[in-house]
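> Here's my sequence, what's the structure:
(one chain, ligands or ions: 1)
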Amino acid sequence: MSDFSSLGLADWLVKQCKQLGINKPTPVQEHCMPAILEGRDCLGCAKTGSGKTAAFVLPVVQKLSEDPYGIFCLVLTPTRELAYQIAEQFRVLGKPLGLKDCIVVGGMDMVSQAMELTNQPHVVVATPGRLADHIRSSNTFSMSKIQFLILDEADRLLEQGCTDFTKDLETIMGILPAKRQTLLFSATLTDTLHELKSIAMNKPFFWESTSETKTVEELDQRYILTPEKVKDAYLVHLIQTFTDEHDDWSIMIFTNTCKNCQILTMMLREFNFPTICLHSMMKQKQRFANLAMFKASVFKILIATDVASRGLDIPTVQVVINHNTPGLPKIYIHRVGRTARAGRNGVSITLVTQYDIHLVHSIEGQIKTKLKEYPVVEKEVLKILTQVNVTRRECEIKLEATDFDEKKEINKRKQLILEGKDPDLEAKRKAELEKIRSQKKVFKQRIHESIEKQKRGQLRNKLAQRRQKKKAAQKTA
Ligand SMILES: Nc1ncnc2c1ncn2[C@@H]1O[C@H](COP(=O)(O)OP(=O)(O)OP(=O)(O)O)[C@@H](O)[C@H]1O
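Numbering: from 1, shown residues only. Below you'll find the model as predicted:
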């Protein structure tokens, strides 16, 4: 394996890496850094926790040291927490240069961000929505001279998921110079490779780790098959066991909705587990504060939605629990990748109901690894089942008494207004669609019933005919 100097990195940066415990390049760094330093566009696809961030930060910092001016580099990333994490890496590795960074994310003060942008930082790390807002509303900064555009978690930025970044990306691309280096990184690039290649036009260097499996070997991947109603009891039992056995472990639990995230947090707190949550219905400052407390091990358990499934690097996380089976293999890959990072060991446990078995098969097919059953003494789980379910119900009632659902509705309306839609009209449209859907469902059900009826009639006729034939045969005999 080569060292950082032989990849073309300057001595002062090699020294800086050493101070951070980064001594030998990881494969993604070894392959992508020389191409980036040569001036090529680059697509890097490597497993979670394999050092993709340093693979782009180091060459950018080196190039910046050769010709420093602002704004030199723009990094786009799908989540606000990730933007702060990336900016920190730039700040630490670029410290000897006096590198100036600026973080532009939603949920934070727009005026101070605008002022920072005007001050020509060397590196801007942004989420697309907020940066596009700045571009649309002011002309006090220019990005016409940037040398690097980096899309971290590039496939997420380009896919049309629940948050669709396409329009914002178009706005941003519109102000960037055509002559630039474009770098795209993710652990799951291959699904969207075609779209990605069209963004990195400059004959991109493409590197993907050769390993067949999509998750790291150090990760012990398990599942527990459970009825929906027993899921929470399993969760409580697992946490009790882990916290009894290990002092220094942190656990991340992923669930599918903000509400569920909130209820599970309340429920685990009732059982005195040091739990904290992270989801998109929280105020941004609270999100940052909760993440910081989890990172500092003030709280050992973080319950999050998929807003925390990508990129977050928290070395103390030893266990990831999927409270719901992810609907897409790539969501699974990113979630379980929050543990077993940078060569450490970790465990992931996915709670699977009988309705999710097909999802597990598709995950296994994609990651080329079979999940193993996690052994649990079922008797112990059943002992706490009633208590857990009663506690959950109490938490649900408590949450219903707050304005949580109302806030959700208000947030939805705000989002629609921002998208230029009329919330009332949208609600009407949705109701109409729902009506058509339920009419279709009733129609389908009727057809199904009449086919079944027909089948039963045919079967009855056949049986009657058979009986008649038998009788006739007996008579003639
Ligand atoms: N060469 C190296 N040697 C040792 N540790 C490293 C090296 N490069 C990076 N690291 C450390 O590895 C950890 C994971 O790196 P990073 O967050 O960049 O992973 P990633 O590949 O971006 O993961 P994800 O796909 O989850 O975003 C970080 O704590 C980082 O400091």
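
> Could you list the buried residues of the helix or strand where residue 184 lies?
Here residue 184 sits within strand 181-186, counting by DSSP states H and E. Residues of strand 181-186 classed as buried: 181-186 (neighbour count, 16 or more other C-beta atoms under 10 Å). The C-beta positions use only the backbone N, C-alpha and C, and glycine is treated the same way.

> so residue 246 touches residue 318, yeah?
Yes: counting by C-beta atoms under 8 Å, residue 246 sits close enough to residue 318 to count as a contact (7.1 Å).

> Between the two, which is the more surrounded one?
residue 318 (18 against 13; other C-beta atoms under 10 Å).

> quick one: pLDDT of the more buried one?
The pLDDT attached to residue 318 in the predicted structure is 97.

> try residue 28
On the pLDDT scale, residue 28 is placed at 97.

> Look up how far residue 179 lies from it.
Look at residue 28 and residue 179: by C-beta to C-beta, to the nearest Å, they are 26 Å apart.

> And residue 427, by the same measure?
Applying C-beta to C-beta, the value for residue 427 to residue 179 is 47 Å.

> Residue 119 now?
25 Å.

> Ok, residue 213 next?
When C-beta to C-beta is applied, the distance between residue 213 and residue 179 equals 39 Å.

> ok, now residue 138?
When C-beta to C-beta is applied, the distance between residue 138 and residue 179 equals 24 Å.

> residues from the stretch 201-350 of the chain in reach of the ligand?
311, 313, 337, 341-342 (C-beta under 6 Å from any ligand atom).

> now those: which count as buried?
311, 313, 337, 341.

> these two touch, right, residue 106 and residue 283?
No: counting by C-beta under 8 Å, residue 106 sits too far from residue 283 to count as a contact (11.5 Å).

> Just give the nearest non-adjacent residue to the residue of the stretch 101-250 of the chain found nearest the ligand, would you?
Shortest the stretch 101-250 of the chain-to-the ligand distance, computed as C-beta to the nearest ligand atom: residue-wise this is residue 187, at 4.0 Å. The shortest distance from residue 187 to any non-neighbouring residue, by C-beta to C-beta, 6 or more residues apart in numbering, is to residue 48 (4.7 Å).

> Return the backbone torsion pair for that neighbour.
Its backbone dihedrals place residue 48 at phi -60, psi 140, with angles given as degrees, to the nearest 10.

> How about residue 311?
Backbone torsions for residue 311, taken as degrees, to the nearest 10, come to phi 80, psi -30.

> so what's it up against?
For residue 311, the set of contacting residues under the criterion of C-beta atoms under 8 Å, 6 or more residues apart in numbering consists of 77, 79, 82, 85, 152-153, 334.

> what's the answer for residue 87, then?
101, 103, 123, 125.

> Does the residue nearest to residue 187 touch residue 216 like I think?
Yes: counting by C-beta under 8 Å, residue 216 is a contact partner of residue 48 at 7.0 Å.

> between the two, what contacts are shared?
Looking at what touches both residue 48 and residue 216 (by C-beta under 8 Å, 6+ apart), the common residues are residue 337.

> Quickly find the element holding residue 424.
helix 423-476.
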